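K.L.:
Here is a sequence with its predicted model. Questions after.
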Amino acid sequence: MDYISHYTSPLGDMTMASDGEALCGLWFDGGRYFGDVIVPPYEEKELSIFDETKHWLDVYFGGSCPDFTPQLAMRNSDFGQAVCSIMLAIPYGETMTYGQIAEMIAEQRGLKRMSAQAIGGAVGRNPISIIIPCHRVVGTSGSLTGYGGGLDRKVKLLELEGADMKDLFMPKEAKQH
C-alpha cells in the first residue's frame with residue numbers, strides 16, 4: 001500500500017508519497033506528472049519518512065543545504081534511475097546541462113552518444129522533485145527549460161540556492177505564458 005502526506009512550501013503546496021518505508025514521490029500539487037507513481041488504493045497517513053522529508057524541506061526552504069537525504073525508492077525505468085543518480089550528484093547551487101548528463105549516460109552505457117532530448121524526458125519525469133534536483137538541469141544554451149513544477153518555481157529554487165544565474169535565461173515562449 002502507498003501512503004501520502006502534504007507539505008506547504010513557500011512556493012506552493014506539495015504532496016509526498018511513500019511505500020511505507022521510503023519516499024517514492026514528491027511533487028508540487030498540480031504539476032506535470034503529479035502523483036504518477038502512486039499505486040492506488042493509497043491512504044493519507046503520517047509516517048516517519050514524511051517527518052524526515054518535511055524536515056529536509058524545512059532546512060532547504062530555510063536557505064540551507066540539507067546534510068542528509070531521506071531514504072528514496074525510485075519508481076522509474078533503469079534509464080530514469082541512471083539520470084536521477086546523476087542529478088543527485090549535482091551540487092547545491094550549481095547547474096548541469098541536459099547535454100552533460102547525456103554525455104555521462106552515454107559513457108556509462110558504452111554508447112557513442114545519447115540524445116539530450118531523451119535525458120530531458122527522464123528529467124521531466126523525475127518523481128521526487130527538489131530532493132532529486134531536476135531544477136538544477138538547464139539547456140545547453142543556458143535556457144531555463146523544462147520544470148514540471150513551472151519555470152517560475154525553477155527560477156526561485158535556483159535563486160534560493162544562490163546559483164549563478166547571470167548566464168541563464170528563460171525562453172521567450174515561456175515568458176509569454
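P.N.:
Cool, the structure landed.

K.L.:
So Met104: helix, strand or coil?
P.N.:
Three-state call for Met104 (DSSP: H, G, I helix; E, B strand; the rest coil): helix.

K.L.:
show me the contacts for it.
P.N.:
Ile86 (Cβ atoms under 8 Å, 6 or more residues apart in numbering). Yep, even glycine has a C-beta here, placed from its N, CA and C like the rest.

K.L.:
That one and Glu159, how far apart?
P.N.:
From Met104 over to Glu159 the distance is 26 Å, taken as Cβ to Cβ, to the nearest Å.

K.L.:
This structure - how does it break down into domains?
P.N.:
2-61, 78-175 (automatic domain parsing).

K.L.:
how about TSV for these, with distance to Asp67 and mean pLDDT added?
P.N.:
As requested, these are exported to TSV (distance: least, Cβ to Cβ, whole Å; pLDDT from 0 to 100):
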stretch	distance to Asp67	mean pLDDT
domain 2-61	8	94
domain 78-175	10	89
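
K.L.:
that's a strand at Gly25, yeah?
P.N.:
Yes. Membership of Gly25 in a strand is supported by three-state DSSP.
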